[in-house]
Every structure is written in C-alpha cells, then in structure tokens.
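**Q** Return atomic coordinates for the entry below.
(chains A, B and C)
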Amino acid sequence: MSLHALADHPFAAPRSLAEACALLAERAARGERTVLLAGGTDWIVEQHLAPAPAADAPLPLVADVSRLAELRGVAERGDAIRIGAGTTFLELRRDPLVTARLPLLAAAARDVGAIQIQARGTLAGNLATGSPAADGVAALGALDAVLELASVRGTRRVPIAAFYTGYRRNVLLPDELIAAVEVVPPAPGSPFAWRKVGTRQAQAISKVALAAVAELDRSEGPGARLTRLGLGMASVAPTVVFLPEVRALGLGRPLASIDDEALAAATLAGISPIDDVRSTASYRRHVAVALVRRFFESLRAPS
Amino acid sequence: MRIVLTVNGAVREVDVAPVARLLDVIRETLGLTGTKEGCGEGECGACTVLLDGTPVNSCLVAAAQCAGRSVVTVEGLGSAERLSALQEELVSHGGAQCGICTPGVLVSAAALLSRGGVPTDAEVREALAGNICRCTGYQKIVDGVRAAAVRNAAAARGAS
Amino acid sequence: MAPVVGQAVPRVDGPAKASGSARYVDDLTRPGMLFGATLRSPVPRGRLLGVDRDPSFDWSGVTVVTAADVPVNVVATIERDQPVLAAGEVRHVAEPIALVACEDRLRLERALAHLTPRIEPLPAVLTIGEALEARTAIHGADNVMKRYAITKGRGRDGLTGCEVVVTGRYETGAQEHVYIEPQGMLAWWEGDDAHVVGSLQCPYYVQKGIKTVFGLADDGVDVTQATTGGGFGGKEEYPTVVALHALLLARKSGRPVKLVYGRKEDVEATTKRHPSVVEITTGCDRDGTFRAFAARVVFDGGAYVTLTPVVLSRGALHATGPYRWDDVSVEALAVATNTPPNGAFRGFGAPQTQWAVERHVDRIARTLDLDPLDLRLRNLLRSGDTTATGQLLAESVGAQRCADEATWASGYRNRRGAGPVVAGRTARGVGVACFWHGAGFTGSGERYLKGRVAVDLLPGGQARIRTASTDIGQGTETVFRQIAADALGVPMASVDFAIPSTRVVPDSGPTVASRTVMVVGSIVEAAARELAERVGREAERSGSTRAEAHERLAGTPALATCEKQYEPPPGLAWDDATYTGDAYPVFGWGCDVAEVEVDLDTFETKVTGFWTAVDVGRAIHPVLCAGQVEGGTLQAIGWALTEKLVTRGGKVLNPRMTDYIVPTSLDAPPFTTLLVEEPYSRGPGGGAKGVGELPMDGGAPAIAAAVEHATSLVLDRLPLLPEDLFEASGAARSGGGPA
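**A** Okay, here's the model as predicted:
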C-alpha cells in the first residue's frame, strides 16, 4: 500500500509521440526505468499493492502519454482499421467504426471493468500489462491484430501472436511503446462471439473469456467452410492464447465435418489453466471447451 | 507542480505532486471530502468523479493528468440546501442508506442523465455497475435515478 | 397533527449524504494529527518473542506502541481472553502486535516495514474439523468455546418410531461485511480524558473497552459516532479495538491520531460471519407432518471468544426453522481456531442454521416427493403453537401470510409446476424459503441491559431524542423522529436527534439484534408520550396553550427531560440454565421466492427475480423498511452465490474487492418487496417489530432451491460457486471434455 510513494515519482509529460520516443530512448540508454502512464488502471493499482519503496530506492519516471493525439483515434487505412493504442475502452465501445465493423471489440470493451475503468483503460495498457485475463487482448487476438511498436529507430509491426513471450512478458524493447493496433475487419455481418465468464456481471476479472470471429463461405450449402477463423482466450494460460490448434482444425474444412470431440481436443491443446483464487483448472478446461463448442454450434446453425 | 483545472465549475490553481492521486488532491488539497475512498483500487466506485464529463475512479488518476481539464465532484451536483432533482429523487426513493457510496453513485448517474432521455432499468444498472453499494440492493437506486430522469425530461419539455 | 408514522417522509440525513457534506471519520482532522498503522502477525499461531526495530531506520517522529504500553491488555467483551496487542503469543494471522504513528504517511509505511515481529511458529488449528479433532488444543482440552443444548418433548428420542427419517449435513463459509467505509477512529486525549470519534455501531461498547484498558470512569471517556458508512454487525465489537489502538498511539505521542484501515487490512483483520457445519436428522409422517428434529450445530469462533457465545445462541434458537416440531434436540457448540475472531454479522448465527434447516426441508420434500411449498405450509408455525424452547406464540405470527403473499406475487406454483424452463443451454428455476427471526436480545438480555433513552423538550417548541442507538444507514434518525413526533404531537421538523456521544446520550444498549426500532423505539415512544402528558397536564393546570406549556417545561430543567428505561413485556420468562422459555419477545417472519437462470455449460447463476414478503409488525417508514429488506436480501444473495473467503494457512488470499466478490447493480435482481403487517402489541408506532436481520435468513436457501429446480443439482454448502455446481454435475469427472 505504497500509495503515498506515488507523490515522490518524477514526472514528465511528453507533448508528442516523437518526444515520448526520444525520452524513452534517452532513459533506456542510461538504463533508467520509465513508466508510461495512460489510464493508470493497472499501474496505480500495482503501486497500491506494492510495499513502500525504501527511501533511497530510485523511482521510475512516470511519463503521461494519455494526451498524445497520435496515440488516439480510429481510422480506416486501406483494408484495415487502425486504432491508436491510447484509445480507451469507452471510446472503443462508442466509436461508430468499431461498433459497425469490429463489433467483437466493442462487445469486449463493454465487458472491461465498468464505465469508470473503461473511461481510463486503454488498449496499449491492456496489451503492455499483458495480464493473462486481459479481455482486450483476447479480442485483438481473435482479430489477428498487428501491433505497431514505435521508437526513435522507427516503427516495427508485430503480429499479436508473436508479442507475448511469457507471463506478463513481451517483445517490447525498453525504448519502445505501443503506438497503434491494426485490424482487418471481418466481412460485414460475419459471425463473432464474445463470451466472458467472470466472477460477476461487471467489475469482474475473467475466469475464462472467449473472443472469436469467423468468415463463412456458404456457397456449398451444407458444406459451409470457414475462410477466416480467429480466436483469443483469456485466463487459461500464462498469457492470453489464440488457440492455433482450433484454427488449424476449423479453417477450410466443411463445418459439418468438425466434431465436438476433435474441437475439445484442439481447445485443450491450446490451454494450460491453473487453480487460483478465482477458479479451478478443471472448471476452466470445461468452460473453455464449452465456449468453443458453442461458437461452432452457432456457426453451424443456419443463418 | 502547479496545475490549473476547473473544479465544479470554478477555475482552481493548485500545487500538487504530479503523480499524486486525483482523489487525494480533491479531498486534501481542495478539501472536498464528499468524494470517498472505499478500496483504493478502482473496484468500489466510491471515489467516482467526472473528468471532462466522464465518470472515472479518482483513485486511479494522476493529478497532472487533470491539468486544464474539468472535474466535477458530488459537491458540484447540488448543495444540501439546494439538492438537484437527481439527489432529491435518489434520497426519496431510498437509494441512500449509509451514504458512503452515494456521492459516487450520484456522479455516475449524473453522467448517465446528462445524455438525456429516460434510461431503462438495464441502462441505469449498467451505468452504475462500477459503484458498489452494500446497503440498498440497488433497486431503490435504480428507481431514484429513473425518477430523476423523468423529472428532468419533464422540466426540459417545460422549458422548450 | 397528521401522523407521520407509516409515511415515507424525507430521510433526515439524506441531504447531507447526497451532497457530500456528511462527515465520516476519514473526513475529520485535528491540528497536529498523526496517522496510525498496525503491525500484524504473519502467522496463525506462534510464540511472540519480541518486536525488532531496524536500527538503521530513522525513528525520529515515529511513535511505536507494543503490549508493554497497554495499561490493562484486554479487549473487554464477554470474556477477557483477547489482548489489545499480542503479548507472548499470537493466535491468528493479522493479529495486532504493535502500533506505529507518524505525521507523514509514507514514512509511516516505511516505519512499519522496519518493525519485525520475532515469532516462533506453533502448529495451528484452522478448520472446524481440526478443532473438533483436538490433536492440537488451543482452547481448553477440546477447543470448545461454548455449548448449548435445547430440548423439547422427548428430544432426540422423538426420532424413534417416526415414519420417515431424513439426515443431512449443511455447511456455510465465512462472509465479509464489505461495508464500503472501512474501520476507522480518530482519538485524542484532553488531560486524562479519552476522546474518540469514529465509525461504529455501539458507542457504549467502545466506552466499556476504553474504561477497562485505561482504568477510566464513565465521564473520563467520550465516544462519539461519526457518520458511519455501513456496519452490518462488522462495527459492533471491532471498533473497540480500533479505538483502543488509536488512543494508545495518541497517549504515547501526545498528539491526536487517526487510524483508518485500508480495504485489504480490513478484510484480513476484522471479523467475519461464523463458518458453520450443521447436521440435521428429522422424523416426520408420510404425509409430511413434522414430528422430531435433532441437530448438531458447530460454529467456528476464531481465535478469541468475542461475541461467539451469543451468536451461537441465536443460531441454536433458530435451528428448527419456523416450523412446528413435537420433539426437539439441538446441540450447539462453538470451537476455537487460529483464524481472526468471527463476530457479529447481520443475522447473528441465524442465517447459518436456517440455511441448514431450509435445505433440509427441501431434502425431506425430495424424499417424500412432496412440493417444497406444500411441505412448508403444512408445518409453518401459527399463533398458539410453541417453539423449541416452549415459547407460546401468542401474537403477530405472520409466517403463513408471508408465504401466501410471496408465492402468490411470484407465481411460484405455476412456475414450479411447469418445471424448469430450458432454453438452449440455460435453465430457469424457482425456489422458496421460509424463515423467522427473533427481534431484540435473546432471553433475559433486555432485562439485564436496561436500555435507556432520553427525550428533552427544548425552547421554541422543539424536542430532542438522546439515544445511543446509532444510524449506520438503516434510517434510525428518521424513524425515531417519526415515532417521537407522533407521540409528542408535534411536527417531525421539531424533533432533533442528538449525535450519539457517550457524554450526551444515555446507554440505550447496542445497535444490534434488530432491536433498534422495536425495543429502543418503544422507549423513545414511551418517553415522548410521557412528555406529551406533562405538557398536557401543565396546559391544563395553568390554563395555557400546549405551546406555552411546552415553553415553560422546556425552561424547567427538572421537567424538560424524560429519561426512560426499557420495560420488558410482563410475563416473559426465560431460563438460561435449561434454555427454555420465551427466547424473544416476538419474531419477524418471512418468505422468499427466488428465480434463477443457470448456464448449463458454465454453471453461472443469475438471479432473475426475487420476491420477498416479510412480517415487520408495522412499517414505520415503508421505504426505509423495504430498503432494509432488499439490502439484507442482496447480502444473502452474495453469500449464496459469490462471496467466498479463500484462505491458505490461515491467511486470506482474496482480501480485496477485486477478488472477494460482492454483487454489482447488474448482479442484483429486480426486487418485489411485500411488507406484511401483523402488529406486535408492544411495538412502537402501532406494532413495529425488528427488521434489520430478518432478510438475511431466506435468500441463500431460496436460491439453492431454485438452482436445484433448474438443474437438479443438490448443493448443501455455501457459497454455490459455478465451480461447485460443475463438480456436482459430474461433468468434472468426464475430464473436461464435452458435457
């Protein structure tokens, strides 16, 4: 509960993305830690739980990036939609482009915390904190988002599936920040699923959450096939997972030929849940399988 | 650092630690103790204030992030002597018991009502889902907020 | 003057609370004030060898208090086993060991981090099972803190020869109050006089604790209630500890000290609802007529006795449920464990045993293939029946009416008869529970307590109520004014309510046990009536108006005040030795119907409708009264479905609101609340009975019954987490594959 140490932190408010990158580069070169503060819904809570730092311990610089215009906004870019990483969940769920073209993301945003958290929490924060329970990451994973990582060295693009390297670990370098995510929206009207199984209806951390999108080629009638399939699942592994085995099983094959048993096996192959204070491994396995099965059932149902 | 912000409609200049919590600035620097701390980690919503019109947990906002912005606390909704329709209806419908969550509930509800119209029960419940009340069972809060919306709508019709 | 009793008048403290001007303890400050913090035990049991101060830390300006600084190291409740600060041994995780105060809160935290208790761990007893095994003895030889036995008729022998005998075992877990305002006190000394103001239910409990520790007389202590952000029993006994700690720091530092808990500390250290195990065996006729009831009730008291004997007593007295039994045997015991003391929580033991008996009645219905409602209606207590303690129920028995109203309003019979409604992968079901709750203190409690209230006539036609019954959100301030205004024949606006402060208000007894309106309210009414008579007599004597007579009395100190003591109803008889007689002056009654929707894949349960009918005697303020009912019911719903305190090695693993899950507005059902009025002849305002705790009793079993109706899964342990339903469904054994 070292909230009182918050006031001791050095602070900077870079006025542009370039300035933020320069600041990060400078400090990274000196081996100094920088906290990029946007909504504070993770970092400030972490400070609350942490013991008081020793009086002589160096505190990280807190750099406020919540007002950088370059990190905000939703726009079409070619076939894709580019979302500034500093966009809040509340902005996402109210954005006309997101609600029309990325309803999955809008639905997930609506289930993050409650309004107060949605108003502050950002995609970048959700991605960078990298909680295994991150609802936003599951949704972006199902959409196969590509992350734009910016630094003074330029921008690199990293597919979300390549971003995490372990529990709360990712490929971000000390001088980099997440500037944007880019998503190719599914064809209009494509089926999707967002199902959060939490501890309650709001203000909940997921026990299991499934995000899924699909595009269906129904030209063959009962032999409908998936031409696109994306899944993201939260709280079933050290990181949010994207269920590659289920994707491999589902893509291109006639839907009718995919049986529940194979689906269950593929789901279980992609997860490694544990018992913790919120749920049990066996319950999570059961729910994970059920949610994926339900999504496929909804795909098989005549539209 | 010195920051200038608008608090309940008045421009205020305050000297703050930049990463101090907005909650502490409101309660201690500005002396507005209507905003409460129930958990300190964005779970209970007792510290809810409006930041540029949107409800936020002031325990999770850094002071410097509020420079140049507008903050509305429960004190900005109406005084004990001159309650707003929302405050009055919440109380008369039994939506306030111990009162510790009430400021946050009112601020969240005010944001909802500012969007106009009369929200459904479900809309009120969603708007207040970040404000934990342990006393009422919520039904009476929902009833009070909806009654206020009806009253506001009638007043708006009367005015137009 | 039109009566205000029965009217939903504006809540008196509403404007202050709705505008943010109401002052809670954390809003208060005093010049030179320090902040306090508490060093706590990291282990559940051990020998405390000392407290080490890191010599490298700068201790200037830091006050440290240990057991050596405590004049009389005891928290005075029922027994004197709990120290103010641990000395020689620690008996539970988070037990207070030392106190620190400092002007700067960051330095305070650091100081706390540089203070280390030296503890040699000892084997701990952490569960009811371990306590009963008594391989490690931590309380006497058998770990039993308290025992009661209730016997009616042939007792357990009544089971012999019954046509149908049914046995079951029922469990409940701990429940945290989660008052949104954590515990807190501000303390200072003026010479040898102790002053505390803070968040509390019972000013005189705190006063007694302070007097004992510091050897002070009544007038050497001033305990004042700040506006209190919820209590639910959690601020009945525990605030004494916080007050003592703050006073110790204030005494040693010579400065005012504010000690306010953070949420995590509050959940880790303060009291919880007693976990319980109840085993019931019953005998009945084939047609469902109840005959014999035998139960063994075991509560987990935690590390110190605190209020456990009284909680256990209430649990035992409600164990039979609101039903007629010819023969009864209840054996109740509380055991000690190395967990924080469990304590008062709305319902005070009764929700645990009524959870058990209601689940058991459903078990009987299942066994006999009877409708659970029909079975209940056949056996509900009526006027003229006697309870397990032999108490004749002479009046105000609304059990049947409540059952009728709740089941009618909810359409229970149709819904139940139609079977569960399965749509896709969800199923809806309904369940019913009947319950009762003794209002006021148990047995001779009120007789010993001698609760007192004063009402003063003040100049300007005003009057003032002085009582130690606190408003912690229930609406006491408003309801007492209503009662007094009608009794005095003056407008409500003319009646003030003195801030509860032990130097100003007489000891009305604690704010507990659903006694505030019924017991203390009746003293308010009696005192106000007597003053009204005085005014009337004076007007008659002097031939003046009542208003003039009021002014004259108000100016005459000997006549301006009426202080009254509670008069227990005549004829009430209770024998503490045999546990027989009139356990309570009267009972509140209720019936809940819950409708739930269960996801058959994820086993999430959503309460989609809730109908509750409660017999409150007379609703002084219908809106506030219904507010008590709905709020209590939602706490019961949380206890039933989400609220689980997860512990390991005696340590709470989820001491945060992130992981200890109370319902949000989206989790709460729409409530239909029906106030049934079967007036109690001795109740104020035309017959009011207690209502505070009653609504805690029915929610959990009604929900479990509804879940059973929806899914056919029978669960007898609270809470009913999705994980538990999943395990019970058998899907777990199929290896997590498709169900």
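
**Q** got the residues of the stretch 351-500 of chain C near chain A?
**A** For the stretch 351-500 of chain C, the residues found near chain A under the criterion C-beta under 8 Å from any C-beta of the partner chain are residue C:425. Where you see a C-beta, it was placed from the backbone N, CA and C, and this is true even at glycine.

**Q** Any idea which residue of the stretch 351-500 of chain C lies closest to chain A?
**A** residue C:425 (7.0 Å; C-beta to the nearest C-beta).

**Q** Which residue, other than its chain neighbours, is closest to that residue?
**A** With C-beta to C-beta, 6 or more residues apart in numbering or on different chains as the measure, residue C:600 is the residue that lies nearest to residue C:425, at 4.8 Å, once sequence neighbours are left out.

**Q** Hmm, residue C:428 and that neighbour touching each other?
**A** No. In terms of C-beta atoms under 8 Å, residue C:600 does not count as a neighbour of residue C:428; the distance is 11.0 Å.

**Q** Looking at those two, which is more packed in?
**A** Neighbour totals were compared for residue C:600 and residue C:428, and residue C:428 leads with 21 against 18 (other C-beta atoms under 10 Å in any protein chain shown).

**Q** Would you quantify the distance from the closest residue to that one other than its chain neighbours to residue C:415?
**A** On the basis of C-beta to C-beta, 6+ apart, the spatially nearest residue to residue C:428 that is not a chain neighbour turns out to be residue C:421, at 4.3 Å. In this view, residue C:421 and residue C:415 are 8 Å apart by C-beta to C-beta, to the nearest Å.

**Q** swap in residue A:56?
**A** 67 Å.

**Q** The two - which one has more neighbours?
**A** residue C:415 (20 against 5).

**Q** from what I can see residue A:148 touches residue A:181, true?
**A** Yes. Using C-beta under 8 Å, residue A:148 and residue A:181 qualify as a contacting pair, with a distance of 7.1 Å.

**Q** Identify the contacts common to the two.
**A** When C-beta atoms under 8 Å, 6 or more residues apart in numbering or on different chains defines a contact, the residues bordering residue A:148 and residue A:181 alike are residue A:85.

**Q** which of those two has more neighbours?
**A** Higher neighbour count among residue A:148 and residue A:181: residue A:181, with 24 against 19, using other C-beta under 10 Å.

**Q** Isn't the more buried one up against residue A:141?
**A** No. Under the criterion of C-beta under 8 Å, residue A:181 is not in contact with residue A:141, lying 10.8 Å apart.

**Q** overlap in contacts of those two?
**A** Where contact means C-beta under 8 Å, 6+ apart, the residues bridging residue A:181 and residue A:141 through contact with each are residue A:160.

**Q** Just give the nearest non-adjacent residue to residue B:72, would you?
**A** Across the structure, with C-beta to C-beta, 6+ apart as the measure, the residue nearest residue B:72 apart from its sequence neighbours is residue B:50 (4.0 Å).

**Q** Distance-wise, check the one you found relative to residue B:96.
**A** Using C-beta to C-beta, we find residue B:50 at a distance of 19 Å from residue B:96.

**Q** Kindly report the same for residue C:728.
**A** In this structure, residue C:728 and residue B:96 are 40 Å apart, going by C-beta to C-beta.

**Q** Those two - which one has more neighbours?
**A** For the pair residue C:728 and residue B:96, the greater number of neighbours falls to residue B:96 (33 against 19), based on other C-beta under 10 Å.

**Q** Any buried residues in the top strand by length along chain A, and which?
**A** Taking DSSP state E as the assignment, the strand of chain A that covers the most residues is strand A:206-217. Of the residues in strand A:206-217, those with enough neighbours to count as buried (16 or more other C-beta atoms under 10 Å in any protein chain shown) are A:206-214, A:216.

**Q** swap in stretch C:30-39?
**A** By 16+ other C-beta under 10 Å, the buried positions in stretch C:30-39 come out as C:30, C:33-39.

**Q** Whether it contacts chain B - can you check?
**A** No. Stretch C:30-39 lies out of reach of chain B by C-beta under 8 Å from any C-beta, never closer than 12.1 Å.

**Q** and residue C:686, what is it in contact with?
**A** For residue C:686, the contact set (C-beta under 8 Å, 6+ apart) comprises C:5-6, C:618, C:679.

**Q** nope, residue C:161 is what I was after
**A** Taking C-beta under 8 Å, 6+ apart as the definition of contact, the neighbours of residue C:161 are residue C:283.

**Q** Would you confirm that it belongs to a helix?
**A** No. According to DSSP: H, G, I helix; E, B strand; the rest coil, residue C:161 belongs to no helix; its state is coil.

**Q** Can you tell me the closest non-neighbouring residue to residue A:18?
**A** The shortest distance from residue A:18 to any residue other than its chain neighbours is 8.0 Å, reached at residue A:152 (C-beta to C-beta, 6+ apart).

**Q** what separates the one you found from residue C:532, distance-wise?
**A** Residue A:152 sits 84 Å away from residue C:532 when distances are taken as C-beta to C-beta.

**Q** what does residue C:87 give?
**A** From residue C:87 over to residue C:532 the distance is 54 Å, taken as C-beta to C-beta.

**Q** ok, those two, which is more surrounded?
**A** residue C:532 (22 against 14).

**Q** tell me the SS of the more buried one?
**A** Using three-state DSSP, the structure places residue C:532 in helix.

**Q** which ones are touching it?
**A** For residue C:532, the contact set (C-beta under 8 Å, 6+ apart) comprises C:487-489.

**Q** Buried only: go through those for me.
**A** By neighbour count, with 16+ other C-beta under 10 Å, the contacts of residue C:532 hold C:487-488 as buried.

**Q** and the contacts of residue C:532, which of them are in helices?
**A** Using DSSP state H, the members of these that fall within helices are C:487-488.

**Q** what's near enough to touch the residue of the stretch 351-500 of chain C closest to chain A?
**A** Under the criterion of C-beta under 8 Å, 6+ apart, the contact partners of residue C:425 comprise A:294, C:599-601.

**Q** and if you look at residue C:275?
**A** Residue C:275 makes contact with C:128, C:171-174, C:299-300, C:342 under the criterion C-beta under 8 Å, 6+ apart.

**Q** hang on, the earlier thing: reformat the contacts of residue C:686 into CSV and put secondary structure and distance to residue A:287 next to each item.
**A** Putting the contacts of residue C:686 into CSV (DSSP: H, G, I helix; E, B strand; the rest coil; distance: C-beta to C-beta, whole Å) gives the following:
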residue, secondary structure, distance to residue A:287
C:5, coil, 53
C:6, coil, 50
C:618, coil, 49
C:679, coil, 51
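
**Q** what's the closest of these to chain B?
**A** residue C:6 (15.3 Å).

**Q** any idea how far that closest one is from chain A?
**A** 36 Å (C-beta to the nearest C-beta, to the nearest Å).

**Q** what's the burial count for that residue?
**A** Residue neighbour count, defined by other C-beta under 10 Å, stands at 17 for residue C:6.

**Q** My read is that it contacts residue C:688, right?
**A** No. Look at residue C:6 against residue C:688 with C-beta under 8 Å: they stay out of range, at 10.0 Å.

**Q** per-residue confidence at the closest residue in space to residue C:30 that isn't next to it in sequence?
**A** In space, not counting the residues next to it along the chain, residue C:30 is nearest to residue C:256; the distance is 4.0 Å by C-beta to C-beta, 6+ apart. Residue C:256 is assigned a predicted lDDT (pLDDT) of 98.

**Q** Residue A:1 too?
**A** The pLDDT attached to residue A:1 in the predicted structure is 47.

**Q** How about the longest helix along chain B and chain A, any contact?
**A** Selection of the longest helix in chain B by residue count, based on DSSP H, yields helix B:139-159. No. Looking at helix B:139-159 against chain A by C-beta under 8 Å from any C-beta, there are no contacts, and the closest approach is 13.8 Å.

**Q** can you list the domain ranges for chain A.
**A** Residue ranges for each domain of chain A read A:2-64, A:69-183, A:192-300, as given by automatic domain parsing.

**Q** now the first one, how far from the centre of its chain.
**A** In other words, domain A:2-64. Between the centre of domain A:2-64 and the centre of its chain there are 22 Å (C-alpha atoms, centre = their mean, to the nearest Å).
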